[in-house]
Structures are given as structure tokens and as C-alpha cells.
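**Q** Here is a sequence with its predicted model. Questions after.
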Amino acid sequence: MSSAVFAADPSGFPRDQTLIVSMLTGRVGTPSNFNEWVGWRNRDRGMQNLANEPLWSVDFATGQIINGLASGDPVYNEDFTQLTIPLREGVAWSDGMPFTADDVVFTIETIIAEPGLANHPTFATAVKDVYKTGDYEVVIELLESDSRFHTHFLDRWGCTWIMPKHIFENVEDVVSFEFNPFVGCGPYKLHSFDPAGYWTAWEKRDDWDKTPTGMLFGEPVPKYVLIQTYSDGSAKIIAQLTHQLDVADHDAEGFAAAMAQGGTIRAYQLTYPWVVNNDPCLTGITFNTMVAPFDNKEVRWALVLAIDIVEYLAQAVDGQATLSPVHVPHLGAYPEYYIEPMQEWLKNFALDLGDGEKFYPYDPDAALKVAEYARQRGHQVSDDPEELKATFGLGWYKYAPDVAAKLLEKNGFTRDANGKWLLPDGTPWRIRITDINDTGHHQFKNGNAAVQQWKKFGIDAEYIATDAYSTLQQVGDFEVGAVWPALEPWGAGADLYRSLNAFYSEYMAPIGDNNRGHASRWSSAEMDDIIKRMRATDPTDIEATVAVSTEALQLLIEEMPSVPTYGYSGFMTWDEYYWTNWPGAENPYMGPYGHWGTLKYMLPSLQPTGNK
């Protein structure tokens, strides 16, 4: 196969027919390689958001599941050892070949047969057989009960994509194959890309009506979409102010600058706090529980109580975020199913300080304190209780440094003459938070906010920014990180399986080995039991799903291997000079981000302004 055309300059596209989107994950290191089945290939360069269609997608704005290449829900047998997937008829790959059940069967068989593919361990140990019962129906037989096996094909930020069989069956080595040009079932096809990895251009297919996007939502409006990365935040702001960037993700400072200077620039919300607040990512702090003293839950809780969440949020995002006291974000169905029903449990949850003394750490008024901070900053904040909940959340944990000190002293910690904390062996306590070096990222924001709180408490804390943070966390070569405290849920319905399954003990590796579970490396027999019961629960049984998931959330609070702080705040802006009818908070018809897979579903609703 010949490679797609590439060029060093993205100019030449008619601006009034071209949507320009900033790329979240930065420059592409291997710009000619589109083989996502091997591993990360910067899928937000347009592969997931324009050119690919999964079996199913989650739209986190509406909480709905969108049937893509699948024509409906999977059908399981009674014991969840078999599922049948109905497929959408009439879909064509971008090279004109029809999409059929053969593509799905071939994909699963290839992943099972090839150890070098990313999902090989999961599929090889889970799938007993896969076959088609017609051109548009696939049956998967499993080795064990798994009521959620289909979610491997459910896209919310990546999933198992379907291979075009007619291409991959002729490839000698699927691991080294670059899959260039990319061929997908989405409404756009690859046009060109920068050999240095700074941009990728996509063109609307002539047969867009043979894609799930076209069938469900109609014709995408822009003829071209350019996904571009920028040297720094200032370059991104300048590009948007000069109408050379339509969709941009900023840090808090860049967001404020763009909003202040751009007359045609708008945010997701039309009033404070302006940001995207329906993102299913939950930010926070993660302890490496295989490293002392973070293997002690009372030490972990002491560090939580040493945080003034109002100061923390002020430093991280100027208060523009929604708190969550549990390991699931305050959005969609989650407050109704979990956070609000858990309020009484949270209020009654107590820490044992020794000598019969107990402390109740939950503060149901924490979010109101953040709202008051916003008012003091001069922002217009509603007094309506329901609006305050939606904007700032419900509660969090008390700032109680005196109680934190009691917990530490109970476990042998002491203070020196200067009030600095010493480990039980008498050496100075130094905490190093190792994580991302992108100053605008919420992991950077959380990590540095925690450092400031713990320094104030008397701990020698420091944030270590490094390009290698992901690798270090994967092999356990870190003390504390700011990776998400729990994997983000799917963003729809009550099912928290995606968030909670990562704490299963079989996924946890010893330090030095690659970890397949949550970065905290925490697990327990009690959590394993909960996860096993969850796997045997029908996710459509809402009452049973909520009951078992609530058990897991309560256990995570008791143990606190990671600290949930606030839901991901999207500092995103749209420029309305060339395109309007964005899915803002007043009309959230689709997930608003340019880097999510639902971008393609947004594009049929955009309206050109007529500006040239």
C-alpha cells in the first residue's frame, strides 16, 4: 500500500470549508504510523474523532450509547458466556469495500493469534470462539462469565477497533504494519499529514452516507478538518484570536486570555465557571501503596486531612471545578445513583484516632465554601441550591491538620524542632510527586496543589515533572502521582465497572514489572470479591449494579489508595467566526470536545457563517 500524501505546510485548504481543531495530546512521534491495534498512535489526530467508527460510542453529554457499526445492543445468554452482536448494514470502508461480519471475526481472531497486539492478553484469555451467523451478525463465546465483554468495543476514549479484513489479511506482519493510509468507516478519509507530526488533514468522503455518522446524523458540514498541535499555549491563543483555530483546549490562564481578547470566542458555559463540566474523568492524587509509608491507609488519610480543598482548588483551577468525595465524578447519573445516596454513609464514616477517639472527616459544606471563594473573586454565583450542586458538587473532606498529626503520631511519626515531619525511623519525610510536565494538564495542577498543601503541613514535598512519568508509574518507580484516582467510567448509565475493575488483584504487578491495574497498585480480597460479583451482575439491572458498585466506592473511601478531588474541567473555547451552533451547555446535543470520538457526530450540526 502506498503512503498518504504528506506536506510540511497545512495552508491551501479553503478556510471557510475547513474546521481547525487543536490536538490535545501534542505532536505525533510516528506520523506515518496509524496502527492503533499495536498501541498508542495519537488517536486524537483524527483517527478516533473523524475516520473511525467503533461498534458503540458513549456520548457523555447526553449519557447515551450511540450504535455505530453495531445496529443495536449486544444480546447475552443467561450466564453471560455468549454474546451476539447485530451489525449495521450498508456501511462501507473509506476505500469502498463493504463492512461485514467477516471484519469483526477477523479482528478478534487476529488479536488472539498475535501476541504483539495490545489487546492480545485480554482476548486470548477470555474468548473461546468467535464466528458469524450471517453477514451482519457475530457470536462470541467466552471461557468465563463476563456480562461486560462487549465494552471492549465501546468507545469513550479508545476501544478495540475493527480491522478492515481485506487489507490486514494481506499483511505479513500486523505488528510492524503502519496502516498508512488509514482506512476507516467514519465520514472522513486521510488527506495528508505533516512528516514532523504537527498536523493531520482529513477530507469528507464522497460516500459519507455509507457511514454510521451519515446514516444517524446526516452529512458533516466541513469539507476538510485539520487537526493541529501548537508550540505552546500562546501560539494557540494567537491562532484562535486570528481565526486560524476553531476548537481549542487551554490551560486556565490561556482560557482566560482567549476569553478576554476574542470577540467571537465563546466557552462551553455562557456564564461562570464557563468550563466543560460534564467530562467523565475524575482528577486527583494517587499513592503507590507498595511503597512505605503509603502502604498504610492511616498515613494516606492523614495526607487527605492536611489538604484545604478550597485553597487546593483555587491554586489548581481558580475554583472552576466540581468536587467529588468519591471515586466517580459528579456528573450525569452518578450524583443520583451514588454521590447523593452515599451522603449519610459519608457523614457517619469515622477514622479511629486511638484511645477510643473517633473523627468524622466528611464535610458536606465543602462545595459551598468553594462557591464562596468564587464570589470573593468577583464571579456571579447562583444562590440556587440545585445550581450550586451542579457547579461545585456536594461535599469533600475537612481540613484538619491537627487530626492528621494525631494519625501520623499514632503510627510513629514525629516532628523536629522546626515543625518538620520525620518518618518513624527519625529521618526527614520527603514526598516526591512524579508526573506529567505539561503545565496545563490537570495532573500537573493536582500534583502541584498537593505539594503546596503538604509543604504547609510540614512535609518536604516536591513535584517532579518528567516525560517518563507514564513509564515510571507503570513499573512502580514512584511514590505519589497525579494520575486519575480511578479510571473514568463510561460516562453513561449507572455502571462503574470500568472504574472499579482496574483494582482487581490479578492486574497488580510487583514493583519493577509492568502493571495492568490501577497505578496505586492497591487491591484487597474484599475488593476482589466485589469485582467478581460485579462481573456476574447484569449491567441492565440498575438496582443490583448500583448496590455492588456502592460497596466498592465505600471500600475505596475507607482505604483511600487514591484521592478524588474534582471532575475534569475542560478549558475549551470555540471561535464562532467561521462556524456556529456548537453544542454548548445551553444546547448540549453532543460531547463538545474536538479530541473525543463524538466529534464526527457533532459536525453535521455545525453551521457556516459565510465568512471568507
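**A** Cool, got the structure. Residues are numbered from 1 along each chain as shown.
**Q** Only alpha carbons, please: show the longest helix that the chain contains as CSV.
**A** The residue-count maximum for a helix in the chain (DSSP state H) belongs to helix 542-559. What follows is the C-alpha trace of helix 542-559 in CSV, where atoms were taken according to Å, rounded to 0.1, in the frame of the first residue of the first chain:
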residue,chain,number,x,y,z
ILE,A,542,-29.7,-1.0,37.8
GLU,A,543,-30.6,-1.8,41.4
ALA,A,544,-28.1,-4.7,41.6
THR,A,545,-25.4,-2.7,39.7
VAL,A,546,-25.7,0.3,42.0
ALA,A,547,-25.6,-1.9,45.1
VAL,A,548,-22.4,-3.7,44.3
SER,A,549,-20.7,-0.6,42.9
THR,A,550,-21.6,1.3,46.1
GLU,A,551,-19.8,-1.3,48.1
ALA,A,552,-16.7,-0.7,46.1
LEU,A,553,-16.9,3.0,46.4
GLN,A,554,-17.2,2.8,50.2
LEU,A,555,-14.2,0.4,50.4
LEU,A,556,-12.1,2.9,48.3
ILE,A,557,-13.0,5.7,50.7
GLU,A,558,-12.1,3.6,53.8
GLU,A,559,-8.8,2.6,52.2
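**Q** outside of stretch 342-350, which residues touch it?
**A** By C-beta atoms under 8 Å, 6 or more residues apart in numbering, the surrounding residues in contact with stretch 342-350 are 325-326, 358-362, 364, 394-395, 550, 553-554, 557-558. For glycine as for every other residue, the C-beta is placed from the backbone atoms N, C-alpha and C.
**Q** ok, of those residues, which one's closest to N278?
**A** Minimum separation from N278 among the contacts of stretch 342-350 (C-beta to C-beta) is found for L394, which lies at 16.3 Å.
**Q** What is the neighbour count of the closest one?
**A** Other residues within reach of L394 by the criterion other C-beta atoms under 10 Å amount to 24.
**Q** Might one say that it is in contact with V326?
**A** No - judged on C-beta atoms under 8 Å, L394 makes no contact with V326 at a distance of 9.7 Å.
**Q** between those two, what contacts are shared?
**A** Here L394 and V326 share the contacting residues I339, scored by C-beta under 8 Å, 6+ apart.
**Q** related to what we said a few turns ago, what does the longest helix of the chain contact?
**A** Outside helix 542-559, the residues within contact range by C-beta under 8 Å, 6+ apart are 297, 300, 325-328, 337-338, 341-342, 345-346, 349, 486, 493-497, 500, 503, 522, 524, 526-527, 530-531, 533-534, 537-539, 562.
**Q** try 6 Å this time
**A** The contact list for helix 542-559 (C-beta atoms under 6 Å, 6 or more residues apart in numbering) reads 297, 326-327, 337, 494-496, 500, 527, 530, 533-534, 537, 539.
**Q** got those residues as JSON lines, with pLDDT and neighbour count columns?
**A** Output for the contacts of helix 542-559, formatted as JSON lines (pLDDT from 0 to 100; neighbours: other C-beta atoms under 10 Å):
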{"residue": "K297", "pLDDT": "98", "neighbour count": "17"}
{"residue": "V326", "pLDDT": "98", "neighbour count": "24"}
{"residue": "H327", "pLDDT": "98", "neighbour count": "28"}
{"residue": "Y337", "pLDDT": "96", "neighbour count": "20"}
{"residue": "A494", "pLDDT": "91", "neighbour count": "20"}
{"residue": "D495", "pLDDT": "92", "neighbour count": "23"}
{"residue": "L496", "pLDDT": "94", "neighbour count": "27"}
{"residue": "L500", "pLDDT": "95", "neighbour count": "26"}
{"residue": "M527", "pLDDT": "98", "neighbour count": "20"}
{"residue": "I530", "pLDDT": "96", "neighbour count": "22"}
{"residue": "R533", "pLDDT": "93", "neighbour count": "14"}
{"residue": "M534", "pLDDT": "91", "neighbour count": "24"}
{"residue": "T537", "pLDDT": "91", "neighbour count": "19"}
{"residue": "P539", "pLDDT": "89", "neighbour count": "20"}
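**Q** Weed out the non-buried ones from the contacts of stretch 342-350.
**A** 325-326, 359, 361-362, 394-395, 550, 553-554, 557 (16 or more other C-beta atoms under 10 Å).
**Q** In those, find the pair that's most separated.
**A** Set against one another by C-beta to C-beta, those have their most distant pair in F359 and T550, with a gap of 22.9 Å.
**Q** how about the strands in the stretch 1-150 of the chain?
**A** Listed in chain order, the strands of the stretch 1-150 of the chain (DSSP state E, counting those that start in this stretch) span residues 18-22, 56-59, 64-67, 75-76, 82-86, 127-134, 137-142.
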